[in-house]
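**Q** predicted model and sequence follow; I will ask about them next.
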Amino acid sequence: MMRPDAGAVQVREARDDEREVVRALTLAAYAEYASVMTPTAWAGLDAAVRAALDSDAPAERLVAEHDGRVVGSVMLFAPSTDAYGGLTAGAPWPELRLLAVAPEARGLGVGATLLEECVRRARRAGATVLGLHSSRSMRTAIGMYTRRGFVRDPAHDFTPEGAELVEAYRLALDGEPHR
């Protein structure tokens, strides 16, 4: 007999001993961009991802499990936290970063489940906006974000040296548009 939650994606806080699992999963998830981006842009993204994974910056580190295996992860930064290593000013709202889904787990709703948990946690913390950054090469992710209601916020875009424009998006959590 199947458990009622068998096959469901569950989100929880990452344990300290899972950092290497999260690192390997995130690097595997982002590896597809090596063939999509220019070599310079890819080198910038790869370095930024590795730096964020190695950072001890204060953030909620969440993982998604499916059938007892970690298949996704995301970082949720508190408002005004430097989530991008000095490349942009900290936004006055929570920021999600490095949402990653293991390639073999795509299509299971892992990304959407992690996103919804970030929305839930931001609301619980009293935030009225949730932000994130992405780039045009990340078409699937941008599609998921815009379907969820995220809108472009060009005032918070930035361009790391040699890299693609990093586009800002935000989601109003209180039902009202924010500028």
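**A** Right, received. Where do you want to start?
**Q** looking at the chain, which helix or strand is least sure?
**A** helix 39-54 (a mean of 89; mean pLDDT, DSSP states H and E).
**Q** next, the residue nearest the centre of the chain: secondary structure please.
**A** Geometric centre of the chain, nearest residue: Leu99, 2.8 Å, by C-alpha atoms, centre = their mean. Put simply, Leu99 is strand when judged by DSSP: H, G, I helix; E, B strand; the rest coil.
**Q** what residues does stretch 58-72 touch?
**A** 6-14, 18, 21-22, 25, 73-78, 81, 83, 97, 99-102, 104-105, 108, 110-111, 113-114, 117-118, 121 (C-beta atoms under 8 Å, 6 or more residues apart in numbering). Just so you know, the C-beta spots here come from the backbone N, C-alpha and C atoms, and that holds for glycine as well.
**Q** distance check, Asp17 against Val63.
**A** Distance, Asp17 to Val63, by C-beta to C-beta, to the nearest Å: 12 Å.
**Q** quick one, which of the two is more surrounded?
**A** Set side by side, Asp17 and Val63 show more neighbours around Val63, with 22 against 7, by other C-beta atoms under 10 Å.
**Q** got the buried residues for the strand of greatest length in the chain?
**A** Criterion DSSP state E: the longest strand present in the chain is strand 69-77. By neighbour count on 16 or more other C-beta atoms under 10 Å, the buried set for strand 69-77 is 70-77.
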